[in-house]
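[1] Sequence below, structure please.
(one chain, ligands or ions: 1)
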Amino acid sequence: METLRSLDPATGAVVGEVTVTPAALVQHAVDRARAAQPAWAALGLDGRAEVLSRAAVVLEQRADAHAELITREMGKPLKESRVEAKSLGSGLAREVGEMVEALRPDVIEEGGLRSTIHHDPLGVVGAITPWNFPMSMPHWMVLPSLAAGNTVVLKPSEETPLCGQAYADALNEVLPPDVLTVVHGADAQGKSLVASDVDMIAFTGSREVGKHIMREASSTLKRVVLELGGKDPMIVLDDADLSKAAKFAAFNSFRNCGQVCVSTERIFVLDSVADDFEAALSELADALRVGSGLDDADVGPMVNARQRDHVLAQIDAAVASGARVLTGGAGHHDNFVTPTVLSDVTEEMDIGTVETFGPVACVTRVSSVDEAVRRANDTRFGLGAVVFGEDPERTESVARQLTAGMIGVNRAAGGVPGTPWVGARESGFGFHKSRDGHRQFTQTRVLTRAV
Ligand code: NAD
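    Next comes the predicted model:
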């Protein structure tokens, strides 16, 4: 039997291992999920919600252990892992309540007819997840799938199989058998799941793999929801509170070692305030403590050597093409990369267009707001974007010109609970969270009768 060893990116030590699911047997897991689906659906929306709500206690009890596992398996500082692990249990009742509201039938009457719009289960959902939020990404796709009456086969990232398994184990304390099963492996198992007869693929990961999944799914018109990568811009206007803007840029470029889909990857600053902004940002970057996530450093290791080398190569190439290193540079030991601030970054550089997913803040000076907007939108991605400035009308106008799916003004891109997590352009296809997001895990069915 083939095993998958999970390594601590801070030390290289083995954290644990799982048995790889032979690719040829992935369909068997789907068959079991298919067999379990009618009884799960038959519990009805309220029955399923009641079962799922019971998982909150288990997730809360295990939050500390889950947080430590997240840090050991993918390196993020323990304080960040705690936020991720605790949110699963503490937010569950609210999320399930939101799903119940979203999935109740709608009724429309006109001309003596009544149409009822049902939000029925699709059947079996295959969920394929990345490593950067190794518990919340499975949660975001598994929970709405189950609430809608589907059963789920989850394939967690090969970088974080233990987190994926631990999440499923917690839910399986309350779920009937085979309602949620896990298959382990890398792209071969992901491909097998996509090729199986699941009714839907819910995927979060890179744009390239998302495109591959969409192509493969087209042969049977499988439903897909794809949450993909980004190259998020931040615009700093000349009336911005520079201290707040620099704090946000440092937080959002370096948290989780920059390995966040909505990391700030491109910063466009008006010329007149650029010196002050760059100085403030560099000072904050300099103050960050790099080290093992278990020691509660500010910035942990990158997830693996491949990701580290990609980031270092982007920095080197940018510097060779004229970018200025304000702090950091391509310094590293093992998987630890020094938080870096670059200035004079352009779109001709790889780092100006290709997702970095590492601890680098890239600053570009612009001479007008129009130039900032044009360059911010000059990307095939479109996940998040932020604008900093004090004049509400001007920030609103700039924000409305940005082509991303989620835009924050003087704050992060994500919206309040209940709003969609949505990418525009090549950052996504479909979305989740919110009423409309939850409904994407369903088959809409309309029943009409005379009244
Ligand atoms: P990835 O695309 O390499 O892998 C994601 C998952 O897909 C893994 O489980 C992997 O084994 C599987 N996979 C790989 N090739 C496959 C194939 N051909 N068919 C089916 N499955 C396959 O991504 P990653 O490196 O794990 O994660 C980082 C990426 O995820 C970044 O681009 C990041 O921006 C993105 N991301 C997006 C969001 C969002 O909400 N939009 C959230 C988190 C991460």
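[2] and L103, what does it touch?
    By C-beta atoms under 8 Å, 6 or more residues apart in numbering, the contact list for L103 reads 45, 119, 147-148, 438-439, 442. Placement of C-beta: from N, CA and C, glycine included.
[3] isn't there a strand covering R114?
    Yes - applying DSSP: H, G, I helix; E, B strand; the rest coil, one finds R114 inside a strand.
[4] what's the neighbour count on it?
    13 (other C-beta atoms under 10 Å).
[5] Please apply the same query to M1.
    5.
[6] ok, now which ones touch it?
    Applying C-beta under 8 Å, 6+ apart, the residues near M1 are 19-20.
[7] separation between it and L171?
    To L171, M1 is 25 Å away according to C-beta to C-beta, to the nearest Å.
[8] Local confidence estimate at the residue of the stretch 1-150 of the chain found nearest the ligand?
    In the stretch 1-150 of the chain, the residue that lies nearest the ligand is P130 (3.1 Å; C-beta to the nearest ligand atom). Note on P130: pLDDT of 98.
[9] With the one 5 residues further on instead?
    On the pLDDT scale, M135 is placed at 98.
[10] ok, it - contacts?
    M135 sits next to 66, 70, 84-85, 88, 163-164, 166-167 when contact means C-beta under 8 Å, 6+ apart.
[11] So which of the residues you listed belong to helices?
    Judged by DSSP state H, the subset of the contacts of M135 located in helices is 66, 70, 84-85, 88, 163-164, 166-167.
[12] Grab the nearest non-local neighbour of D197.
    Closest residue to D197 apart from its sequence neighbours, by C-beta to C-beta, 6 or more residues apart in numbering: V30 at 6.3 Å.
[13] Kindly report the same for T442.
    Nearest one to T442, counting by C-beta to C-beta, 6+ apart, is H119 at 4.1 Å.
[14] what about the one you found, which helix or strand?
    For H119, the host element (DSSP states H and E) is strand 113-121.
[15] Can you tell me what sits against that strand?
    Contacts for strand 113-121 (C-beta under 8 Å, 6+ apart): 37, 41, 102-109, 148-150, 439, 442-451.
[16] if you set the cut-off to 7 Å instead, what comes out?
    With contacts defined as C-beta atoms under 7 Å, 6 or more residues apart in numbering, strand 113-121 is touched by 37, 41, 103, 105-108, 148-150, 439, 442-451.
[17] Contacts only, for whatever residue of the chain ends up closest to the ligand.
    Minimum separation of the chain from the ligand (C-beta to the nearest ligand atom) falls at G190, amounting to 2.1 Å. Applying C-beta under 7 Å, 6+ apart, we find G190 in contact with 128, 155.
[18] ok so, going back, for beta bridges, what are the partners of the residue nearest to T442?
    Going by DSSP bridges, H119 is paired in beta bridges with T444.
[19] average pLDDT for stretch 287-305?
    Model confidence over stretch 287-305, given as mean pLDDT, is 95.
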